[in-house]
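Novice: Got a sequence here, can you build the structure:
(one chain, ligands or ions: 1)
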Amino acid sequence: MDRTAEEKSNVVEELLRENGGWAVIDGGLATELESNGADIRDALWSSKCLFTCPELIRKVHLDYLEAGASILITASYQATIQGFLSRGFSQEDSEALLRKSVELAVEARDLYLKKCPQKRQILIAASVGSYGAYLADGSEYSGDYGEYVTLETLKEFHRRRLQVLVEAGPDLIAFETIPNKIETQAYVELLEECNIDTPAWFAFSSKDGVNIVSGDSLVECGSIADSCHNCVAIGINCTPPRFIHDLIISMTKITKKPILIYPNSGESYDPEKKEWVKSAGGSAEDFAPFVNIWHEAGASLIGGCCRTSPDTVRAISRALKGGA
Ligand SMILES: [Zn+2]
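Specialist: Numbers count the residues shown, from 1 in each chain. This is a model prediction of the structure:
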């Protein structure tokens, strides 16, 4: 049965209510595919697995559900029509690969619920990564697209991709690792112009605990997201754990919507070598003790991003249940 627009827009609130005020998001997908043996050192990054090893994507989704996640983020972060076209796929095949990312998460949910004795609500969030993630030139983490990239360029870039993902029927859209204000604005305008009634979350990344990676103000970008009527949650992803607390406090001042956080392990990514470099200041294993502090500070949707794993998600889930 098709859900009404109102039912659709309430999915996050409903999940939080059912669960007692918090919910667990999954952990890093691309890096976990890598830990399972996939070679993703490629401009298409994890979206390469949509055509090389789709069953591995389904397996990693299942691993996260078994670890306690209630929200799965699809493998579409770096899946773009332009990226697939440049690799020789047709327009039709490129769109089918985007749909496939949602289908794989739906299949994992069905498989899990079939064997799970306690039925629980599981949401599928279709990932939309930034223009910089498509460029794969490091601008994903600088938010610097140069002077020739305008609001229109970005809207044009994301429009069809967003429509195809929405048509595949996810519960949510996850705008992730948003690096700057112009892309925030592009997403908000596209949701409106395309009459999209699927709810969306906006997750920004930060390298200093104050602003988002481009230096644009989190308060300003968060407020733009907050004013968008599709927006059902705002937060931070792919950011070192040590910055999370201050960022939550900043967000509580600009939104009444649920706050989500899914930090990375605290390591940093070297875009040239395409590898993660250890850095001081904590790792994914150090997550658990902070989870309840973050929850008390105002975050209600908590998970992990790059280099976190099903073990991280298990620890987050245990901590929120009060067993840490
Ligand atoms: Zn990440």
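Novice: where's whichever residue of the stretch 51-200 of the chain sits closest to the ion relative to Lys59, distance?
Specialist: Residue nearest to the ion within the stretch 51-200 of the chain: Thr177 (6.1 Å; CB to the ion). C-beta coordinates here come from the backbone N, C-alpha and C atoms, glycine included. Per CB to CB, to the nearest Å, Thr177 is found 24 Å from Lys59.
Novice: Now stretch 316-324: average pLDDT?
Specialist: Across stretch 316-324, the average pLDDT comes to 86.
Novice: Buried residues, it. List them.
Specialist: For stretch 316-324, the neighbour count (16 or more other CB atoms under 10 Å) marks 316-320 as buried.
Novice: Go through those and name the one nearest Lys114.
Specialist: Of all these, Ser317 has the smallest distance to Lys114: 20.9 Å, by CB to CB.
Novice: any idea which helix or strand carries that closest one?
Specialist: Here Ser317 sits within helix 310-320, counting by DSSP states H and E.
Novice: So is that helix next to the ion?
Specialist: No - Helix 310-320 lies out of reach of the ion by CB under 5 Å from the ion, never closer than 12.3 Å.
Novice: Name the nearest residue to Leu191, sequence neighbours excluded.
Specialist: Distances taken as CB to CB, 6 or more residues apart in numbering place Asn230 nearest to Leu191, at 4.6 Å, with adjacent residues excluded.
Novice: quick one: that neighbour from Ala133, how far?
Specialist: Shown here: Asn230 relative to Ala133, a distance of 21 Å by CB to CB.
Novice: more neighbours, these two?
Specialist: A side-by-side neighbour count of Asn230 and Ala133, using other CB atoms under 10 Å, places Ala133 first with 24 against 21.
Novice: Ser46 is in contact with that one, correct?
Specialist: No - in this structure Ala133 lies outside contact range of Ser46 using CB atoms under 8 Å: 10.2 Å.
Novice: who touches both of those two?
Specialist: With contacts taken as CB atoms under 8 Å, 6 or more residues apart in numbering, the residues that reach both Ala133 and Ser46 are 77-78.
Novice: Correct me if wrong, but Trp201 is in a strand.
Specialist: Yes - with DSSP: H, G, I helix; E, B strand; the rest coil as the criterion, Trp201 is located in a strand.
Novice: so who does it touch?
Specialist: Shown in contact with Trp201 (CB under 8 Å, 6+ apart): 12, 125, 172-175, 231-235, 260, 301.
Novice: With Pro271 instead?
Specialist: Listed by CB under 8 Å, 6+ apart, the contact set of Pro271 reads 136-138, 140-141.
Novice: So which of these wins on neighbours?
Specialist: The residue in those with the most neighbours, by other CB under 10 Å, is Glu140 (24 neighbours).
Novice: Now the spatially most central residue of the chain: which helix or strand?
Specialist: By CA atoms, centre = their mean, the chain has its centre lying nearest to Glu176, at 4.4 Å. Element membership of Glu176, judged by DSSP H and E, is strand 172-178.
Novice: List the neighbouring strands of that strand plus their orientation.
Specialist: Partners of strand 172-178 in the sheet, by DSSP bridges, are strand 123-128 (parallel), strand 200-204 (parallel).
Novice: Pipe those strands into JSON lines and attach distance to Glu152 and mean pLDDT per row.
Specialist: What follows is the strands paired with strand 172-178, written out as JSON lines (distance: least, CB to CB, whole Å; pLDDT from 0 to 100):
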{"stretch": "strand 123-128", "distance to Glu152": "18", "mean pLDDT": "98"}
{"stretch": "strand 200-204", "distance to Glu152": "20", "mean pLDDT": "98"}
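Novice: could I get those as CSV with distance to Leu165?
Specialist: Putting those into CSV (distance: least, CB to CB, whole Å) gives the following:
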stretch, distance to Leu165
strand 123-128, 4
strand 200-204, 11
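Novice: Now distance to the ion too, for those, in JSON lines please.
Specialist: JSON lines is the format used below for the strands paired with strand 172-178 (distance: least, CB to the ion, whole Å):
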{"stretch": "strand 123-128", "distance to the ion": "10"}
{"stretch": "strand 200-204", "distance to the ion": "10"}
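Novice: Roughly how far does Leu190 sit from Leu172?
Specialist: For Leu190, the distance to Leu172 equals 15 Å [CB to CB].
Novice: I appreciate the help and will end here.
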